[in-house]
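**Student:** sequence below, structure please.
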Amino acid sequence: FATDPDASAAFFRKHFGARLMAHPGRPQDYVGFWALRSGEVPLTVSPIGPYKTTPPGSTFWSNKQIIPPSPDDNSYYGVYAVGVATPSLKEAVGKLTAEGVELSRQHISLPHEQDRPTQTIYGPDYNMFTLVERPDMRPGYRGFGIDHVHLLVRDKDETVKFYKDVFFGEEIWSNGNSAVLKIVDMLFILSEPEALELDRTSVEERDYIKKVRYGVGPIGWLSTDMQAFIDH
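**Tutor:** Below is the predicted model:
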């Protein structure tokens, strides 16, 4: 959800070499699907709403508090950062900072690969992206690709159980307050606040009824048999 979808799309295109994908199913001209690497999950960029399809007179959006983007507003449960792979972290950081991309105040390392070189940057609306050096990665359109999704969770064990039971996740690493799961071919890092040196009492619950935030919202899932998945 972007304050300026066109500027956000331009960010991904310029800095990560993202390409605009064709719309699956019914086109929605206010949503863009941007891929960093062929055949992988895209980043979906859109305004918060209301949309052209919002019924006239709807009070759905007017009853919500819109939270403005801020580098200090990342202490809420949900997607904390998106990992982006690059074959050379030094070259990537040099390129991005030369183009004016801002480094994040917080350094995020991978809990299961502490020695793996990483650097966190701010993307559009202060969304955080963790660059991860993967020398043997399959190259993307401009040397980048999606690496993982990092979730800030209240209870690591409870969340691991949810992803195992519902999405057939495979737990590949775990410690006291972090875990790493593989779901199909995607890595999910789960961290409780303490793992990210956050004050648990200051972390907000997601409140979709009253609040809407600019940033990463829902994670989309594909299913070959939707009814079977709903039944499951």
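
**Student:** tell me, what residue is most central in the protein?
**Tutor:** By Cα atoms, centre = their mean, the chain has its centre lying nearest to residue 82, at 3.9 Å.

**Student:** mind listing what's buried along whichever strand or helix holds that one?
**Tutor:** Taking DSSP states H and E as the criterion, residue 82 maps to strand 78-86. Residues of strand 78-86 classed as buried under the neighbour-count rule (16 or more other Cβ atoms under 10 Å) are 78-86. For the C-beta atoms, the positions are set from N, CA and C on the backbone; glycine is no exception.

**Student:** can you list contacts of the helix or strand that it is followed by?
**Tutor:** For strand 78-86, the following helix or strand on the C-terminal side (DSSP H and E) is helix 89-98. The set of residues external to helix 89-98 that reach it, using Cβ atoms under 8 Å, 6 or more residues apart in numbering, is 15, 86, 103, 117-119, 121, 131-133, 143-144.

**Student:** mind running it again at 10 Å?
**Tutor:** Contacting residues not belonging to helix 89-98 are listed as 14-16, 84-86, 88, 101-103, 116-119, 121, 129, 131-135, 142-144 [Cβ atoms under 10 Å, 6 or more residues apart in numbering].

**Student:** can you tell me how far the most far-flung residue of the chain relative to its centre sits from residue 48?
**Tutor:** No residue in the chain sits farther from the centre than residue 57, which is 32.1 Å out by Cα atoms, centre = their mean. Applying Cβ to Cβ, to the nearest Å, the value for residue 57 to residue 48 is 19 Å.

**Student:** in the helix or strand of the chain with the lowest mean pLDDT, what counts as buried?
**Tutor:** The helix or strand of the chain with the poorest confidence is strand 211-213; it has a mean of 86 (mean pLDDT, DSSP states H and E). Residues of strand 211-213 classed as buried: 212-213 (neighbour count, 16+ other Cβ under 10 Å).

**Student:** how distant is it from the center of its chain?
**Tutor:** Relative to the mean C-alpha coordinate of its chain, strand 211-213 is positioned 16 Å out (Cα atoms, centre = their mean, to the nearest Å).

**Student:** partners of that strand in the sheet?
**Tutor:** Using DSSP bridges, the strands paired with strand 211-213 are strand 65-67 (parallel).

**Student:** who touches the strand it pairs with?
**Tutor:** Here strand 65-67 has contacts from 1, 3, 48-49, 73, 76, 204, 207, 210-215, using Cβ under 10 Å, 6+ apart.

**Student:** how about stretch 154-164?
**Tutor:** Against stretch 154-164 from outside (Cβ under 10 Å, 6+ apart): 77, 151, 153, 169-171, 174-183, 188, 190-195, 200, 203, 205.
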